[in-house]
Every structure is written in C-alpha cells, then in structure tokens.
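In: 3D model of this:
(chains A, B, C and D)
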Protein chains: 4
Amino acid sequence: MVRVAIIGASGYTGAESIEILLRHSGAKLTYLSALPEECGIISDMFGRFKGRCEMIVEPLDLEKLADVADVALCCLPHKVSMSFVPKMLEAGVKVVDFSADYRLKDVAVYEKFYGVKHTDTDNLAKAAFGLPELFREKIKEAELVANPGCFPTGASLAVAPLLKEGLIEAEQVIVNAVTGASGAGKNPSAKFHFPNMNENIFAYGIGVHRHMPEIEQIMSDTAGKPVTVLFQPHVGPFDRGILSTVYSKPKGKVTNEQLVKLYEDFYAGEPFVQVCEGSPNVKDVAGTNYCHVFPTVVKGTVVCFSAIDNLIKGASGQAIQNMNIIFGLDETLGLK
Amino acid sequence: MVRVAIIGASGYTGAESIEILLRHSGAKLTYLSALPEECGIISDMFGRFKGRCEMIVEPLDLEKLADVADVALCCLPHKVSMSFVPKMLEAGVKVVDFSADYRLKDVAVYEKFYGVKHTDTDNLAKAAFGLPELFREKIKEAELVANPGCFPTGASLAVAPLLKEGLIEAEQVIVNAVTGASGAGKNPSAKFHFPNMNENIFAYGIGVHRHMPEIEQIMSDTAGKPVTVLFQPHVGPFDRGILSTVYSKPKGKVTNEQLVKLYEDFYAGEPFVQVCEGSPNVKDVAGTNYCHVFPTVVKGTVVCFSAIDNLIKGASGQAIQNMNIIFGLDETLGLK
Amino acid sequence: MVRVAIIGASGYTGAESIEILLRHSGAKLTYLSALPEECGIISDMFGRFKGRCEMIVEPLDLEKLADVADVALCCLPHKVSMSFVPKMLEAGVKVVDFSADYRLKDVAVYEKFYGVKHTDTDNLAKAAFGLPELFREKIKEAELVANPGCFPTGASLAVAPLLKEGLIEAEQVIVNAVTGASGAGKNPSAKFHFPNMNENIFAYGIGVHRHMPEIEQIMSDTAGKPVTVLFQPHVGPFDRGILSTVYSKPKGKVTNEQLVKLYEDFYAGEPFVQVCEGSPNVKDVAGTNYCHVFPTVVKGTVVCFSAIDNLIKGASGQAIQNMNIIFGLDETLGLK
Amino acid sequence: MVRVAIIGASGYTGAESIEILLRHSGAKLTYLSALPEECGIISDMFGRFKGRCEMIVEPLDLEKLADVADVALCCLPHKVSMSFVPKMLEAGVKVVDFSADYRLKDVAVYEKFYGVKHTDTDNLAKAAFGLPELFREKIKEAELVANPGCFPTGASLAVAPLLKEGLIEAEQVIVNAVTGASGAGKNPSAKFHFPNMNENIFAYGIGVHRHMPEIEQIMSDTAGKPVTVLFQPHVGPFDRGILSTVYSKPKGKVTNEQLVKLYEDFYAGEPFVQVCEGSPNVKDVAGTNYCHVFPTVVKGTVVCFSAIDNLIKGASGQAIQNMNIIFGLDETLGLK
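Out: Numbering: from 1, shown residues only, chains lettered A, B, ... in the order given. Coordinates of the predicted model:
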C-alpha cells in the first residue's frame, strides 16, 4: 500500500483527493496537513466526511511526514508550495504538486505571471509535467510531478492529436472555456456569493489568465514548436466541470472522418479519454477522472470540444493518476 | 410626485427598491444614502443599473434629506436603524423602516432576540406594522411604518383568514419555510459561497430565529389572542422566493370547500394576494409583489401554503406598497 | 463474486446502481435488462458510462437471467414490477425490488394508493422491508427485499429512536420534506422542464402522496403501535437529496442532551447514519449512502432533521446495502 | 394607446411580451391568440399572471384582430408564421414577427437552413430587420418588422462598431455564445429535463445552427461587404441570458483606448446599449432590455463580449422596442 499524505488538506482539491483515496485499493491516507490556521478534524471542515474520514489535519511536521508517507499530494497555493516542496523531497517523500510553481519551465514567464521570484529552480528543472496522456514516460521516473492546471488539461487534450500530427496552424489557437464555480476555491468572495453567481455567467482573467502560458507550453511541447494561444475563461453557475471549445486553422483540408480516426487512434490506449460523436456534456464527466473530446470541422475551422471535471481530471484525480504511475500501480486505481 | 430617499441603498433591499421606483409613475428617487464605507455610484455597486440609474450614494446628510425627500425607505440593518430613524422623523421625513427595530411591540422580546437595548421606544410605540392586508387602516395614518420581515409576511398571509375567524387552535401553529439565498444579504460567507449553497438545502436558526416572535405577534394580533408558533426556516439553492407550509389544527371540522370560500372572501379586495387551486410556485411570484396562497385539509390538519418573493412582497415591494398607502396613492403603483 | 443483474437499467436508479457496482469489490454486473423499447447500449443512454460500462441492455430473458445472475436489482416501475418478480424468484434469482409493489403489507392500502389489484400477494407476505437500520435481521433471511421509498427512508431514520423508545405521541407526526428533482425520474415533463423547475420550489402530492402510508407502516412497526403521519413533500431546484424536517410531540419532557444520547446510542453501530450537531446539509450526503440526522427540542416540540441522497440511500445505495446483507458480504462494500 | 395583439401567446416569448405590456404606458393588450390546441386562460398557462392578466387566449380570428388591434406581435414558430403574417398585414394590422421567416433576405439560404419553401417572398422583401441600433431608419417606415434572433442580437451588437468602421477582417469572425435554457422554449425534452440540464453545459447546433446565416447577414450589412462568421452556441444551467464572446482579427494595430472610444461614440445615443469596463454579467441584464458590451485586445486579437436577456433584448423587449419605433412612441416605453 502506498502511504499518502495530503498537504493543504483544508481546500477543495485536498478534500477531493481524500474522497478518491477513501476508495483506492492500492493506497492509504496516512497524514493530513495544512497551514496552522486551517487545522482541525477534517470532518468538521467537510461534513461529508463524517463517519468516513475523521482524521486530524495537523501543521506540517516534516519528520512525521517522512515517517508515515511515501508520497505527498501538495495542495498548497501557488507561491507557498515552492517553499515546502524542496523540504519534502529532501525528506525522501515524492511529491505531486498541485500549484503552478513547478509547471512553467521558463522561469521568466513564471515570474511575470505570478509576480514573485522563483526560489526553487533546481527542482523546477527536474519536475515532470503531470499530463499522463502526453508525458507519461517522464512521469514514471519522477520524484516530483507538477500536476497541470484544470484549464490546461481540458484545452490540451482537446487538440493534442492535431498538434502532435502538425495538422493545425501554430499561430492561432483560440481556447474558449467555461468552468464551474468550484474552480474559485473555498474562500467566499463577492463574485462567487450565491446570489451573484447563481443565474450568472461572465468572463474573467481577460488577457491575463495564468493558465495561458501553461497551455502554450503544453501545446508547444506537443507540437514540437512554439504555439500561440489565446485563452479566454468564463465561469458559470454550476459546481464542477470545464467545457472547452478550441478553434484552430487546419494546415490543409481535413475531413470529419479523418478527425475521428486521428482522435480514436491517438487516444486508443488511454483509459480516461473518450472520443464522443457530438458535444461533450460536463455532467457526463462530473465526478469522474474522464475527459470527453469531440473534434469537427466547421467552415474550414477545426472546432474541438472537451469536458472534464475541474476538481478530478483537472486536479485531484489527475494527481492520483500521476501517483499511480510513479509507484507502478495500475494507472486507474481509485479512479474508474 | 412623492420624493423618495433610500437610506442603506447599497444592499439588496435598497437595490430592489430602486428597481421598483424606476418604473413608479407617482414617485421619484431623489436621494440615495448608505453608511460611509458603502458609498459611491449605484451602478458601480449593481451593474444592472448602468444607464438606468447613475445616482451617487452619499453618507447621510439629514438636512439634505429633509430638503429633497418626503419619505425615506430605511434599509439599514437591525440595531443601526433605530439610531437614524428618530432623526429622520424629526426632520419631517416619513419613514418606512425595513429593520426589525420597530416591529416588535414588546421591548423585552426585542431585547432578548436582538441582544441590545432598544433606544427609541417612543417611536416604536407609534409605528404602524406594515402588512397592509391585515393592518391597512393603521398604516394610512402613520409617520413611521415598520416593514415586516420576509418570513412573517409569507407565514401570516398563509393563515390569516383562519386566525381572524378563530377556526384554528392557537397553541400549535407550525411554520415550515424555505427561502432563496438572497435572504442572506450581500455579504459573502462560507454558507452562501456558491460551491456550498448550490445543490444544497439546510435548516438554520433552529429554535432561535428572530422572525419567530414577529410571526407570533402578527398572528396573535390577527387572532385577537395569543398564538404560539413554531417557526423553522430553511434555505435552498435559488435566488428569490419563500415557500411557507403552515400546519395547524382546526377547532372543528373544516372542509376544503369552506377553506376556499373563506380565503376568497377574505382576500377578495386585495390587489396582491391570489388564492390558488394547488401548491403555489415561488417562480410564479418571483419578481412580483404577489402572494399566492393555498389552504387545504389533510387528515384533520389544515395545511396552508404561501409563496412570495422575499425581496419584493417580503421587503421592498411591500415597503413601496406601504409608501403608496401613506401618501394616498393607488396602492399598486409601481407594483403591478 | 455476487453476480448482479439490473432489471430496468434504463432509468436513474438503474444507472445509479451501475455506478455503485462498478466499484464494488464483492459483486459484478452480469446482466442489464429493460423494457424492450428502452434497450440498447447503456453508454448511449448515459454518456457518463462511456469507457466505463459498455454493456448492452436487453429485453428480459428469464433463462439467461437465471444463468448469469445470483440477484436482480429490479428497478421497474410500480405495478410493472409485480408481474416480473415472481418469475425471477421462481427462476432461483434473489430480488431487491425498488418499486412499491412489495412494501405495503396491507393489500387494501396498496390497492387504494396505487389503484390496481395486487397480483402477487404470496411474495408480498414473504418480502422483507429493506431498511437495514430497522429491519436488518429479516433482510438477512430474505429471498425478496422490498427496497424502501426515498422519502420513507429519510423520514423514518429521522425519528426512529424516538418511536422505538416510545418517547413521542403517535398521533401527530408531521413530515415536511424537500427533494431534489431527480426524484421525478427520467421522463421529461412540464413541471421538471428546466425553465420551470429552476429557481422554483413547490409542494406536490398534497394529501395523497403514496409514501404517506409507507411512512406510517415503518413508523408503526418501529413504535409497535399505530402511528399517524402527515407527510408533505416539496421539490426544489437541485439534483439530489432529501431534507426531511419532522415535527412531533414528546410524551414527557425531553432535553437536547437526552436526544443526542438517545440518537448516538441508537445509531452507534450503524455504518451509514451519522448524528450531527446542527442541521444536516443535503450536499454533505449527496453522492453517498449516508444519512445525517439531528434531533432537537423547540418550544416543547421535537424537531428532527435528516438528509439523504434520494438516489443512493433512498434507492440504489440502500438496495446494494440490502444485497450485501443478503449475501453475507460486508454491508458497506461499494458504499463507503 | 397602441392596441396590441399577441399571436402565439402560449409560449415564453408571448408571455414575456405580456409581462412587458402590462407596464407599458403607451400600449395596451387587446387580444391574445394561439394555435387552437394552446388556447385557454393565460393565467392558467402561466401562474404568474394570476390577478395580473386573466385574458383568454383564443384561436386566431382575423376580423376580430383587425377590429381590436393596431399591431400584432407574432410569436408563432418558424415556418408557421409566414402562413399567417400576410393575412394580418392584409387586414391592416402591422406586424412584428418573432420567427425567422422574414429575417433572411436570401431565400435560398432560408430554404436551405429551414428546409421548406418560402411562401411569402413579397413581404420578405419589404420587411425591415428589427435591430434598432443598426437599422432604426428602416424600422420607422415598416409595416412588417422581422424581429432578430437572440444570438444574432447579442453577437452583432458586440462587434458592430468594428464592422461599421471596417476595423476587423471580414473572413474570420468567431462567435462563441452561451445561452440560458429558456432559449429552448416551453416544450419539455430530454436535454432540457432539469436533472439533465442542471449542473451541465454543452454545445449544440455544431456547424448548422440557423442563427449562423442570420449573423452573417447582419454583420455583412453592417460592414458593407460579406463577412464570414463561425458561430458556436452552447447552453448552460440558468434561465435567462446570453453571453457572447466574439473573436476577430484587427486590420491594423488597435489599442484598448481606441476601442473604448469607438464603442462609446458608436453607442452614445443608444438607450439600451452600455459599454462596460470589464466582462458583462448576464445577471446584470437579465430581466431588462439592455445589452452590455465590452471590447478589448488580447495578443493581437480583438475579443468583444456582450450580454443580453435572450427573452427580452433577444426577443420580446426588442419587439416592443420595434413597436414603439413604428408607432412613433418613445422607444424606451415599457422597457426602462
């Protein structure tokens, strides 16, 4: 049994990770930690754990962590994560990190979008990017995996086969996405106050969303050359899920039949990606680690859709998929 | 034209009052005020007023108020209201007060439920209780009207005909109600954070909700003798509306035919109460000043339903109905 | 491995049963059946099964059923079920039946509320009532289990300790409940059309809901004497869950401390019932087989709350809990 | 007082038109009609009209119509409308038609997208296209106005200033839009069944939506040359509103300052278009006839947002705005 710690257990992705691990047959939760002001009994923070998980969330004790855990799912916020991750690695614990701190290979881009100096560039250089469908081989060897952002996961899986095969122009990929409100995290705010968010939909992060460079990095890595992405997120009145609609220009003529074949071949061995025959529905993937994709051609533009659960395939589920890979377990344990 | 000021314009009931007044043919908005930290342009606070109402919300200036307004809709919070209302009255401005400060005639009950000393008992004694269907005559003469709470409005209209006619036992009225989340007001909180409130319903204020004594007061006044009420509110995942389900014991045998006749007679002249032939739907009254009621007998118990919009008939609409009455306008102006 | 068939797999409770069985370590799905017009590939009916369950739903073939299954979860509608269940039992397959056909022990009551003659009274007499917390011993021995209705499950668990101990009056139990819209089943209708149901809440089944006699039967069995129940359901704008608020009169004086102790003792060994310290939230139990309860005293009335997921503890989860019991498996398999 | 008939009063746009006309000071409802199977008392069809509008919806009687009405708001479905409109015009009644039958000037395009032969090309040629912000002068003179579709209204207003000034490329306008579920109309269906639509979002009409040629026609008319549009609609879990996100390529360099000035100038005199400083929120325009727009430049692409209420500015409100124009009334009557 892989022994798992969750660092930053008091937030939504921490809780979702617990939810998955409670029914994981090859791993067990051994340690929950959070920032000191967020500690207490987990079932007091999330009523749904009553009788299911009554563990105590404690301030981080690195010795204890090293003693009881083989791996840490680090759900700490951006900028905070990089001050803890190196210590956990030094203590001999593998890490799947949910923050952006180890995702962007270009430190300058990180520092521009996150507004702080990166303090752990050594580990950044070694970290694997945890999108198994695209980078599985590197994940297998990693001590540290940078778990992707939710939007980058959905957007990249929507067009990866096209990029890999060089079938679309690299200059004009438009990613239009709508996320559910859980993406905003647990802290109350005016925008996500129920009477404002309910019956509402709006765009945000216009031109500056931090997932834009991350999507560009994944797409460029996949295409083997620089890809320019315009990413526009929106948020709608539902809990979970991201629907991405990705517009791109094919290099030559492409038919729907070609697209279907391309996608089915590309994702043939993938346990969590399904090629649909029409628009994905976020409700079909909510609560699962699946990504539903559908590519089509409209008036000479390739339009690709994908749906994921932002908290699962977009966060905790993918982290546990990465964990399974690192430890040589069946990749789908706890996730089917 | 009646000149209307809104004091406490930065909250939901203030905004809803503006919304109604924008299409009121016998009144016009002349002044918006709020606590100093809540001031600014109203359309910056509520985007829906862009191009419709661009007035400035200012800190309260009593002289200016007296100069430009005939009446103030006072949307300040409980306990705050009673420190401003006497000054407005002295300045010669009539007041419809939305807080609980002038509702409970028994000062001891007020002080127990609101946990502060009442500092304006003189005006409390003079205030009319602003439920027009039950107390219209007193409202006509009033300088100060205590606008009822949202739950008390819905609950009282559901059973008033039975109480007035003495047809139900006074000892065991159970009011079970479900409100939309706008009842929580504009300030973000963990319970009303969208990811918690959406897809959720829960009870609150168990045994201690402040509307319990208010409901008892209205029902007792209507019955002409003390009525004991058990009031249990719940909140559900929708913006607006309250559905009340009121259980009571008939004194003798009562039939559905008698109930229908009783209710239709009782509410015959009322512009805003409609007797339905089945369960009211909150969606039918949302956005209106209407109250839909339906009484029936089940296994010897009288079950009465009512639906209102908590922000309109339960707050701003009723306040403007009261204002219309005070100034001798058609009671339905701005509200049909 | 217990081999499980689902009869009536095309509806919500069928799908939810599949969902649970996909991660049940002691049982496996071997057969899906439905009425002929509802047949096809399950993942075409419910997109969320793409890549997770691609079984074919076939018209019922009793020989095949007997060949491949030890137990049938029968999700057929009321009145239809009793024409198939005797044949399945004869074929040697155990049955957990989701319909009302084997719940009401008094045939006359069944025939009054369901408007048809009961055609399988022999098996009705033998059927165990599948509420494990109250009738576990009988379930253990059963070939046929009548899985309870969703409302009866929530309502009964809310007050069972009080009834068992004879602490409340049997004449005046009021059950006020609000269910999510999945309770209406899969067939589109005007009331559950999104633009009508969204932002709405209303009562239904006023005075005539079929769960009323079922609740009375359970409560009477638990109390050991006839209990009279007034049951009033409502439906609100959310997918899953039932919040029940049950009002009853204590026989003598009862304190909150006594209630808490009573409930904690009564449910001490129960894996799926949790006693809360305040109102349950339906969101905390949604997606789980748990029931959260909270009892309290308000002004001399005992008010008990419970929350369940109507499709899980109120249907498919409880059915699988019953199946686990029948086959001597750990009762919680697939459900924790 | 303009005397108004509503033909097709039993659907959502009919009801919304009634709602607006109930508070219109320059027009009054004189006649409600619908297909014979849809007739009855309007408040029985829509509970919110109880006590507010108790008119009878009758089968269409052209003589009566001509007798009591100056104008008909024709809310009949596509294809049905064109068999009634010519008769109403002949009878001397002006018509604002909600269907697509008089919108597409190119009959071949109409016949391709709607799959029927156009049977009233004479009136089609004469009809004004009812988007006042772009075609007000023609509307003033019209006997027949083709009221625009909801998506075309939102999409066109989002980019009209750019097209008018020739600032964007005509070959690559991408319109990505999300509508609320009321856009699906009143008839229940599997997709819009609450348990499917709630907590869901999906794309539809991929590549074939009928509003695509309509948007192209408006944009081409505005630009003065052919514009090619890729339009992709989605539907989300809310009642009302459309958020459009429109991507286009500027011809030269354009700054945010230029965009703001351009939009403010272009819409300066428009009573119902507001230029925002960030993303519009559909909740801010829901229940109003307003359109909120916001243009910006992101990485060399112009991204324009707009929000409207699909049933008001996208249907009934705009129809009444058109009606006001035709009859020389203040364009905002009933709509502010």
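In: tell me which stretches of the stretch 1-150 of chain A form helices.
Out: A:12-21, A:42-45, A:62-68, A:81-90, A:107-114, A:121-126, A:132-141, A:150-164 (DSSP state H, counting those that start in this stretch).
In: apologies, that question was intended for the stretch 201-336 of chain A.
Out: Along the stretch 201-336 of chain A, counting by DSSP H, counting those that start in this stretch, helices occupy A:211-223, A:256-266, A:282-285, A:317-326.
In: report the mean confidence score over the second one.
Out: Just to be clear, that refers to helix A:256-266. Regarding helix A:256-266, the rounded mean pLDDT is 98.
In: do the same with stretch A:69-81
Out: 96.
In: ok, and what's touching that stretch?
Out: The contact list for stretch A:69-81, computed with C-beta atoms under 8 Å, 6 or more residues apart in numbering or on different chains, reads A:2-9, A:11, A:13-14, A:17, A:30-31, A:35, A:65, A:84-85, A:88, A:93-102, A:114, A:116, A:210, A:316, A:319-320, A:323, A:326-327. Backbone N, C-alpha and C define where each C-beta goes, glycine included.
In: quick one: buried ones out of those?
Out: Listed as buried from the contacts of stretch A:69-81 are A:2, A:4-9, A:11, A:13-14, A:17, A:30-31, A:35, A:65, A:84-85, A:88, A:93-102, A:114, A:210, A:316, A:319-320, A:323, A:326-327; burial here means 16 or more other C-beta atoms under 10 Å in any protein chain shown.
In: which residues does the residue of chain A most remote from its centre contact?
Out: Taking C-alpha atoms, centre = their mean, the residue of chain A most remote from its mean C-alpha position is A:Lys253, at 32.7 Å. Contact partners of A:Lys253, counting by C-beta under 8 Å, 6+ apart, are absent.
In: relative to A:Glu58, how far out is A:Ile7?
Out: Here A:Ile7 is placed at a distance of 10 Å from A:Glu58 (C-beta to C-beta, to the nearest Å).
In: mutual contacts of the two, please.
Out: A:33-34.
In: for the residue farthest from the centre of chain A, phi and psi?
Out: With angles defined as degrees, to the nearest 10, A:Lys253 sits at phi -80, psi 140.
In: for the stretch 201-336 of chain A, which residues are neighbours of chain B?
Out: By the rule C-beta under 8 Å from any C-beta of the partner chain, the part of the stretch 201-336 of chain A lying against chain B is A:237-239.
In: 10 Å - rerun?
Out: Residues of the stretch 201-336 of chain A lying close to chain B (C-beta under 10 Å from any C-beta of the partner chain) are A:202, A:235, A:237-240, A:311.
In: same for chain D: which of these are within range?
Out: A:202, A:235, A:237-240.
In: could I get those as JSON lines with pLDDT, distance to C:Val273 and neighbour count?
Out: Listed next are these as JSON lines, based on pLDDT from 0 to 100; distance: C-beta to C-beta, whole Å; neighbours: other C-beta atoms under 10 Å in any protein chain shown:
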{"residue": "A:Phe202", "pLDDT": "98", "distance to C:Val273": "41", "neighbour count": "21"}
{"residue": "A:Val235", "pLDDT": "98", "distance to C:Val273": "36", "neighbour count": "25"}
{"residue": "A:Pro237", "pLDDT": "98", "distance to C:Val273": "33", "neighbour count": "26"}
{"residue": "A:Phe238", "pLDDT": "98", "distance to C:Val273": "30", "neighbour count": "28"}
{"residue": "A:Asp239", "pLDDT": "98", "distance to C:Val273": "26", "neighbour count": "23"}
{"residue": "A:Arg240", "pLDDT": "97", "distance to C:Val273": "27", "neighbour count": "26"}
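In: filter those by proximity to chain C?
Out: Within these, those near chain C by C-beta under 10 Å from any C-beta are A:237, A:239.
In: which among the ones next to chain D among the residues of the stretch 201-336 of chain A next to chain B gets closest to chain B?
Out: A:Asp239 (5.6 Å; C-beta to the nearest C-beta).
In: against chain D, how distant is whichever residue of the stretch 151-300 of chain A sits closest to chain C?
Out: The minimum distance from the stretch 151-300 of chain A to chain C, using C-beta to the nearest C-beta, falls at A:Asp284 (3.7 Å). A:Asp284 is 8 Å from chain D, where distance means C-beta to the nearest C-beta, to the nearest Å.
In: which ones are touching A:Leu311?
Out: A:12-13, A:15-17, A:19-20, A:150, A:180, A:182-183, A:239-242, A:286-287, A:317-318, B:195 (C-beta atoms under 10 Å, 6 or more residues apart in numbering or on different chains).
In: is it true that the residue of the stretch 151-300 of chain A closest to chain C touches C:Met45?
Out: No: taking contacts as C-beta atoms under 10 Å, A:Asp284 lies outside contact range of C:Met45: 11.4 Å.
In: neighbour count winner among these two?
Out: A:Asp284 (24 against 18; other C-beta atoms under 10 Å in any protein chain shown).
In: not counting its neighbours along the chain, what's nearest that one?
Out: Spatial nearest neighbour of A:Asp284, chain neighbours left out: C:Gly47 (3.7 Å); criterion: C-beta to C-beta, 6 or more residues apart in numbering or on different chains.
In: what does the pLDDT read for the one you found?
Out: Confidence at C:Gly47, expressed as pLDDT, is 97.
In: that one touches A:Phe294, doesn't it?
Out: No: C:Gly47 is beyond contact range of A:Phe294, at 11.2 Å (criterion: C-beta under 10 Å).
In: out of these two, which sits in the busier spot?
Out: The neighbour count for C:Gly47 versus A:Phe294, taken as other C-beta under 10 Å, is higher for A:Phe294 (22 against 19).
In: CA atoms only for the lowest-mean-pLDDT helix or strand in chain A, dumped as PDB, please.
Out: Lowest on mean pLDDT, DSSP states H and E among the helices and strands of chain A sits helix A:107-114, with a mean of 95. The C-alpha coordinates for helix A:107-114 follow below in PDB (Å, rounded to 0.1, in the frame of the first residue of the first chain):
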ATOM      1  CA  VAL A 107      11.300  30.900 -15.000                       C
ATOM      2  CA  ALA A 108      10.800  34.400 -16.500                       C
ATOM      3  CA  VAL A 109       7.300  33.500 -17.600                       C
ATOM      4  CA  TYR A 110       6.500  32.200 -14.100                       C
ATOM      5  CA  GLU A 111       7.900  35.300 -12.500                       C
ATOM      6  CA  LYS A 112       5.900  37.600 -14.900                       C
ATOM      7  CA  PHE A 113       2.600  35.800 -14.400                       C
ATOM      8  CA  TYR A 114       2.900  35.100 -10.700                       C
END
